[in-house]
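Q: only geometry, no sequence info:
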């Protein structure tokens, strides 16, 4: 797994999305702005997981994200997924 802040500190959200697409990676983020890029601006993406687990410890967040990726795997490709306490919403965008 690559953390964008380690390689491209200060990069704009569109740049982050471009890198994820170039590397054919699903983007895991807590930044809701990616929803606007995908839904309003209709930016192409390989897949985005929006993590909305604000009041949990980092280890708990990581475990929930890992469990989701292991459970849903390929279903996450090309989707906008939101992980919240007790619920995972996977939305495939219309072509």
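A: Everything's here; your move. Predicted model, so just to flag it, every value in this text is computed and none were measured. Numbers count the residues shown, from 1 in each chain.
Q: helices of this structure, start to end?
A: Remark: helices assigned in the chain by DSSP state H are 4-7, 13-22, 33-35, 58-72.
Q: in TSV, list these along with mean neighbour count, mean pLDDT and distance to residue 81.
A: C-betas here are computed from N, CA, C, even on glycine. As requested, the helices of the chain are arranged in TSV below (neighbours: other CB atoms under 10 Å; pLDDT from 0 to 100; distance: least, CB to CB, whole Å):
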stretch	mean neighbour count	mean pLDDT	distance to residue 81
helix 4-7	10	73	18
helix 13-22	16	93	14
helix 33-35	16	93	11
helix 58-72	13	95	7
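Q: figure out which of those is closest to residue 83.
A: The closest of those to residue 83 is helix 58-72. By CB to CB, the value is 5.7 Å.
Q: what residue is smack in the middle of the chain?
A: residue 49 (2.5 Å; CA atoms, centre = their mean).
Q: so how far is residue 33 from that residue?
A: Counting by CB to CB, to the nearest Å, the separation of residue 49 from residue 33 is 14 Å.
Q: equivalent analysis for residue 51, please.
A: Distance from residue 51 to residue 33, counting by CB to CB: 14 Å.
Q: ok, the residue nearest to the centre of the chain - contacts?
A: Applying CB atoms under 8 Å, 6 or more residues apart in numbering, we find residue 49 in contact with 26, 27, 28, 29, 65, 68, 69, 76, 81, 82, 83.
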